[in-house]
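J.: Any chance you can model this:
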Amino acid sequence: MPLATLDRSPPPFFKQGPSAFTRLTFYAALAVFLMVADARWAITQPLRAVLATLLHPVQQGLLAPARGYDTLSHYVRGLEEAKAVQQRAERALMAQADRVMRLEQLQHENERLRALLDLRPRASVPTLAAEVQYDAPDPFSRKVVIDRGGSHGVRPGAPVIDEHGVLGQVTRVYPLSSEVTLVTDKDAAVPVINLRTQQRGVAFGQPKHRGMELRFMAGNADVQAGDVLQTSGLDGVYPPGLPVAQVTQVDRRADSAFARIVLKPYAHAEQPRHVLLLLTVEGAPNPVSAASAASAAAPASGVAPAASTPSEVRP
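T.: So this is what the prediction gives:
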């Protein structure tokens, strides 16, 4: 074959078209034109919106792991902070509960002390404040021990009152403490007067029912439930006018000449803490004078005198 007939053009793969410099110049000018046109007329904004809409699910899917990690770490930190806040709140609540309990206790003590101060002017003798330490160990009597004794000027027979009324009488004195026999003890006796009828009598302790009873009152005596009894002052031990008890039950028995009269003491004999001792200048009289007062009250009310003394006093 003659050489002149051969195709000397390069294959399509090796065809370069325009030169590289020409293409660079063209595309650079096109880019500048598009940037100027987009800046002035925003011709690419619709295209950008379409592309952003199409790529949004892909973007969210790629961001999901990072967001999940942030959410989980935030949940863990929030859980730890919530536990710490709860522990601080529980500790604060316990502290507040302790303060509230102390506040309530102080408030009750303040109320009792104020009541004692209100009752104090009714006593015409010197007084001494004391605090109940514990109940006496004798299970067959109703006695308590207070933190005032002979070194504080306490004498045997001194009356003891709380914020409500007559609580008992000092029956044994030690240098730094004293023993008080409560009005509910079987040996306690308090001369009283009925405010409604001005009738005198003697109220005795009734430890079985933790109360008192008005003994040796005639069956036809004018005594009614609700009558208020106060100290008469005839025994020389208790000053007159101190609240003692209230009549709760009157049983007029046909087989007896005396009525059974049940009393409820005003003093809270089971739960006293702060008490007031009534002192005299020359010492308290002997408590056995209550028996003499009972004998003196008998002719005025038609009752029989009591045979037993109200309490045993031992210096």
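J.: Helices of the chain, start to end?
T.: Remark: helices assigned in the chain by DSSP state H are 20-41, 45-119, 289-301.
J.: Which of those helices has the lowest mean pLDDT?
T.: Lowest mean pLDDT within the helices of the chain: helix 289-301, at a mean of 43.
J.: Can you tell me the centre-most residue of the chain?
T.: In the chain, the centroid-proximal residue (Cα atoms, centre = their mean) is M101; its distance is 3.7 Å.
J.: Please convert the helices of the chain to a markdown table, extending it with distance to V160.
T.: C-beta here means a position set from N, CA and C on the backbone, and glycine is covered the same way. Shown next, in a markdown table, are those (distance: least, Cβ to Cβ, whole Å):
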| stretch | distance to V160 |
| --- | --- |
| helix 20-41 | 104 |
| helix 45-119 | 11 |
| helix 289-301 | 14 |
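J.: what's the most buried one of those?
T.: Highest mean neighbour count among these (mean count of other Cβ atoms under 10 Å): helix 289-301, with a mean of 19.
J.: can you tell which of the helices of the chain is closest to G150?
T.: helix 289-301 (21.0 Å; Cβ to Cβ).
J.: quick one on the thing from earlier: nearest to T171, of the helices of the chain?
T.: Going by Cβ to Cβ, the one of the helices of the chain nearest T171 is helix 289-301, 12.1 Å.
J.: wait, which of the helices of the chain is closest to Q230?
T.: Closest among these, using Cβ to Cβ: helix 45-119, at 12.0 Å.
J.: Which secondary structure elements does that closest one sit against?
T.: Judged by 3 or more Cβ pairs under 8 Å, 6 or more residues apart in numbering; DSSP states H and E, the packing partners of helix 45-119 are strand 274-278.
J.: tell me the angle the strand it packs on makes with helix 45-119.
T.: 20 degrees (axes from the mean of the first three to the mean of the last three Cα atoms, to 10 degrees).
J.: mind listing what strand 274-278 pairs with, with the direction of each?
T.: Its sheet considered, strand 274-278 pairs with strand 127-135 (antiparallel), strand 159-161 (antiparallel) by DSSP bridges.
J.: Take the ones you listed and lay them out in CSV including distance to M217.
T.: Listed next are the strands paired with strand 274-278 as CSV, based on distance: least, Cβ to Cβ, whole Å:
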stretch, distance to M217
strand 127-135, 31
strand 159-161, 23
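J.: mean pLDDT lowest for which of these?
T.: Ranked by mean pLDDT, the strands paired with strand 274-278 bottom out at strand 127-135, which scores a mean of 87.
J.: Keeping just the C-alphas, turn that strand into CSV.
T.: The C-alpha coordinates for strand 127-135 follow below in CSV (Å, rounded to 0.1, in the frame of the first residue of the first chain):
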residue,chain,number,x,y,z
THR,A,127,-41.2,30.9,144.1
LEU,A,128,-38.4,28.8,142.6
ALA,A,129,-38.3,27.4,139.1
ALA,A,130,-37.2,23.7,138.7
GLU,A,131,-37.0,21.1,136.0
VAL,A,132,-38.2,17.5,136.4
GLN,A,133,-35.3,15.0,135.9
TYR,A,134,-37.0,11.6,136.1
ASP,A,135,-39.7,9.6,137.8
